[in-house]
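**Q** Starting from these lines, generate the structure:
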Amino acid sequence: MQKIVMIGAGAMGCLFAARLARAGRDVTLVDVDPARRAAITADGISLRDTSGDYHVPVRAAQAQEVIGPVDLVILFTKAMHSAAAIQSVVHLAQGGAAALTLQNGLGNAEAIAQVFPADRVLMGVTDWPADFIPPQRVAVHGSGHVWLGSFQAAGADLAHQAIAALNDAGMQADYDADIHAAIWEKAAFNAALNALSTILGVPVGGLDTEAGRRLALAVAEESIAVAAAHGITMDRARLHAKIDFALAHHKGHKPSMLQDRLAGRPTEIDAINGEIVRAAQQAGLQAPITAALADLVRMGEA
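**A** Now for the predicted structure:
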């Protein structure tokens, strides 16, 4: 996959666009903010990671300006904008492109499958810890990983092609045959740590207390039960280990939800905690701690 379109020029979009472009891919970054597009066009993306500081030239455009065919569309908008964002590139679906979501929350792949053929929809999760400094700077705190699979079994070959492109860019991607469970695990992880970080106004390290761990693990347990009721088996040990690792090694990282709160933007709370609570209600269950954290975040919304 050589020609790639990235939708959403936030922390993750800029990080992945810069890494892929630096690895020789033809990358176009789509964003609705004209000032951000202008900054990227003029100065490229400024990226700081463990290898140092560098600038990467990347093309920036509006969705309607992108001309196909392209090989891969990667959706990195906020979850509440998924449907509108993927509809904006419907003309690329007609050219045979695959579409990948690595977004937070639940339901993003389903939104893409309303526009792209379901057998060309890819889905995954990433734990790369990156902070965004407007208009086009990204600071990466440590390393991360990508787990990727296909929305339908027929898309497995496309998933492996996308993984090869990401690994060329140093993004440490692996295939996950049970990607639906991985997405639920990521949602549970974010429901615990992102919500708590946003409510308290502290980076991840500020949650590394007895009370913080107790609340985070309680949200994890509620999520495991809800997922099981929907036929999805989450790996409890892996989820707990991810929470422990983040608390120990990503202490200075501000989750995207906290970054949104500090910038006065709406958060993705409804696509994360809200979706878990909705799924619990569908299954006749309750997730009271997850729901309480959701309401506390909502109370702080602008």
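**Q** how distant is the helix or strand where L15 lies from the center of its chain?
**A** Following DSSP states H and E, one finds L15 within helix 11-22. Distance of helix 11-22 from the chain centroid (C-alpha atoms, centre = their mean, to the nearest Å) equals 13 Å.
**Q** Repeat that for stretch 67-79.
**A** Offset of stretch 67-79 from its chain centre (C-alpha atoms, centre = their mean): 14 Å.
**Q** Equivalent analysis for stretch 137-149, please.
**A** On the basis of C-alpha atoms, centre = their mean, stretch 137-149 sits 10 Å off its chain's mean C-alpha point.
**Q** Quick check: phi and psi on A60?
**A** phi -120, psi 140 (degrees, to the nearest 10).
**Q** is it in a bridge, and if so with what?
**A** Counting by DSSP bridges, A60 is bridged to L29.
**Q** So what's the residue count around it?
**A** A count of neighbours around A60, defined by other C-beta atoms under 10 Å, yields 25. For glycine as for every other residue, the C-beta is placed from the backbone atoms N, C-alpha and C.
**Q** contacting residues for it?
**A** A9, T28, L29, V30, D31, R36, R37, A38, I40, T41 (C-beta atoms under 8 Å, 6 or more residues apart in numbering).
**Q** Now with 10 Å, please.
**A** 6, 9, 17, 27-31, 33-34, 36-42, 44-45, 136 (C-beta atoms under 10 Å, 6 or more residues apart in numbering).
**Q** looking at the chain, which helix or strand does the model trust least?
**A** Least confident helix or strand of the chain, by mean pLDDT, DSSP states H and E, is strand 130-133 with a mean of 86.
**Q** quick one: buried residues of that strand?
**A** Buried residues in strand 130-133, counted by 16 or more other C-beta atoms under 10 Å: A130, D131, F132.
**Q** From the residues you listed, pick the one nearest G144.
**A** The closest of these to G144 turns out to be A130 (C-beta to C-beta; 8.1 Å).
**Q** measure the closest residue to that closest one other than its chain neighbours to D157 for me?
**A** Among residues not flanking A130 along the chain, A11 sits closest, at 4.3 Å (C-beta to C-beta, 6 or more residues apart in numbering). For A11, the distance to D157 equals 30 Å [C-beta to C-beta, to the nearest Å].
**Q** do I183 as well
**A** 20 Å.
**Q** And those two? Which one has more around it.
**A** Between I183 and D157, counted using other C-beta under 10 Å, I183 has the larger neighbour count: 27 against 10.
**Q** my guess is the more buried one meets N108, correct?
**A** Yes: using C-beta atoms under 10 Å as the test, I183 is close enough to N108 to be in contact (8.5 Å).
**Q** Is D174 in a helix, a strand, or coil?
**A** strand (DSSP: H, G, I helix; E, B strand; the rest coil).
**Q** what's the burial count for the residue lying closest to S82 once chain neighbours are set aside?
**A** Among residues not flanking S82 along the chain, A111 sits closest, at 4.3 Å (C-beta to C-beta, 6+ apart). Neighbour count for A111, taken as other C-beta under 10 Å: 21.
**Q** same deal with R265?
**A** With other C-beta under 10 Å as criterion, R265 counts 15.
**Q** what are the phi and psi values for it?
**A** The phi/psi pair for R265 (degrees, to the nearest 10) reads phi -100, psi 160.
**Q** And it, how close does it get to K78?
**A** With the distance defined as C-beta to C-beta, R265 ends up 8 Å from K78.
**Q** Could you list every helix and strand in contact with the longest helix anywhere in the chain?
**A** Taking DSSP state H as the criterion, the chain has its longest helix at helix 179-200. Helices and strands touching helix 179-200, as assessed by 3 or more C-beta pairs under 10 Å, 6 or more residues apart in numbering; DSSP states H and E, comprise helix 108-112, strand 121-126, strand 146-150, helix 210-229, helix 236-249, helix 256-263, helix 273-282, helix 288-299.
**Q** Tell me what angle the fourth one forms with helix 236-249.
**A** Inter-element angle recorded for helix 210-229 and helix 236-249: 150 degrees (by axes from the mean of the first three to the mean of the last three C-alpha atoms, to 10 degrees).
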